[in-house]
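Student: Pasting the sequence and the predicted model now:
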Amino acid sequence: MKKISKQFLDISLRYAILILLALPGFAIFYFVFAPLTIYPIYFLLGLFFDVSLMGDIIFINEIPIELIGACIAGSAYYLLSILNLSTPKIKLQKRIKILLLSFGVFLILNILRIFFLSLVFMSGSALFDITHKLFWYIGSILFVVGIWFAEVKLFKIKEIPFYSDIKFLYKQSKK
């Protein structure tokens with residue numbers, strides 16, 4: 001019985017954290033990841049162009065590129081958090097490692113995505129709009145799903161997000 005109580009507590013804590021992260025509208029993700037995204041892009045673009053930075057706008061040869069919230073992709077970080085916290089039977093230290101790895105990999109991919117799109121934009125290519133849309137609609141989803149599947153394999157995760165918790169709760173309701 002003690003094990004069952006511990007599982008109920010675990011489920012309650014994990015989902016409470018998810019709710020608390022969502023309440024301020026992902027503000028925590030934007031607060032943390034905006035500077036971690038903007039400054040490396042500013043540095044990388046500075047290797048190739050004359051750049052300046054004013055808040056969330058990078059000027060390349062006086063042409064502004066604004067990095068809005070969607071560029072920072074706070075919702076993708078939240079989705080990675082959801083996948084992590086909705087998966088039961090992961091010890092705390094392992095869960096933290098998984099989260100940090102997923103955030104780090106996504107951050108790097110996102111920086112490279114924005115850097116690449118900035119280069120395409122500055123080249124004056126007619127392909128910028130379609131490339132931007134493909135990266136936004138398909139690329140971001142593939143990044144998140146790919147990161148999660150890689151972590152499942154790397155960390156040998158056996159449980160399924162949400163489903164494993166629902167299955168446990170259903171079994172307990174039958175008792």
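Tutor: Yes, it's here.
Student: Just the buried positions in stretch 64-72, please.
Tutor: Residues 65, 67, 71-72 are the ones in stretch 64-72 that count as buried (16 or more other Cβ atoms under 10 Å). C-beta: built from backbone N, CA, C; applies to glycine.
Student: Which one of those is nearest to residue 82?
Tutor: Nearest to residue 82 out of the buried residues of stretch 64-72 is residue 72 (Cβ to Cβ; 17.4 Å).
Student: Where do the strands of this structure begin and end?
Tutor: For the chain, strands defined by DSSP state E occupy the ranges 51-54, 57-60, 63-66.
Student: tell me the most buried of the ones you listed?
Tutor: When the strands of the chain are scored by mean count of other Cβ atoms under 10 Å, the highest mean neighbour count falls to strand 57-60 (a mean of 18).
Student: Look up how far residue 147 lies from residue 80.
Tutor: Plainly put, residue 80 is 7 Å away from residue 147 if you go by Cβ to Cβ, to the nearest Å.
Student: Need the residues touching each of the two.
Tutor: Here residue 80 and residue 147 share the contacting residues 102, 106, scored by Cβ atoms under 8 Å, 6 or more residues apart in numbering.
Student: residues of the lengthiest helix in the chain that come out buried?
Tutor: Determined from DSSP state H, the single longest helix within the chain is helix 92-122. Counting neighbours by 16+ other Cβ under 10 Å, one finds that the buried residues in helix 92-122 are 98-99, 101-103, 105-107, 109-111, 113-115, 117-122.
Student: try stretch 3-12
Tutor: By 16+ other Cβ under 10 Å, the buried positions in stretch 3-12 come out as 7, 10-11.
Student: what's in contact with it?
Tutor: Against stretch 3-12 from outside (Cβ under 8 Å, 6+ apart): 88, 165, 168-169, 172.
Student: same check, this time on stretch 121-140
Tutor: By Cβ under 8 Å, 6+ apart, the residues outside stretch 121-140 that reach it are 49, 60-61, 63, 65, 70, 73, 76, 113, 116-117, 120.
Student: and which of these is nearest to residue 157?
Tutor: Nearest member of the contacts of stretch 121-140 to residue 157, counting by Cβ to Cβ, is residue 76, at 19.2 Å.
Student: contacting residues around that closest one?
Tutor: Residue 76 neighbours (Cβ under 8 Å, 6+ apart): 106, 110, 140, 143-144.
Student: And for residue 151?
Tutor: Going by Cβ under 8 Å, 6+ apart, residue 151 touches 98, 101-102, 157.
Student: Leaving out chain neighbours, which residue sits closest to the residue sitting nearest the centre point of the chain?
Tutor: Geometric centre of the chain, nearest residue: residue 77, 2.3 Å, by Cα atoms, centre = their mean. Distances taken as Cβ to Cβ, 6 or more residues apart in numbering place residue 29 nearest to residue 77, at 4.4 Å, with adjacent residues excluded.
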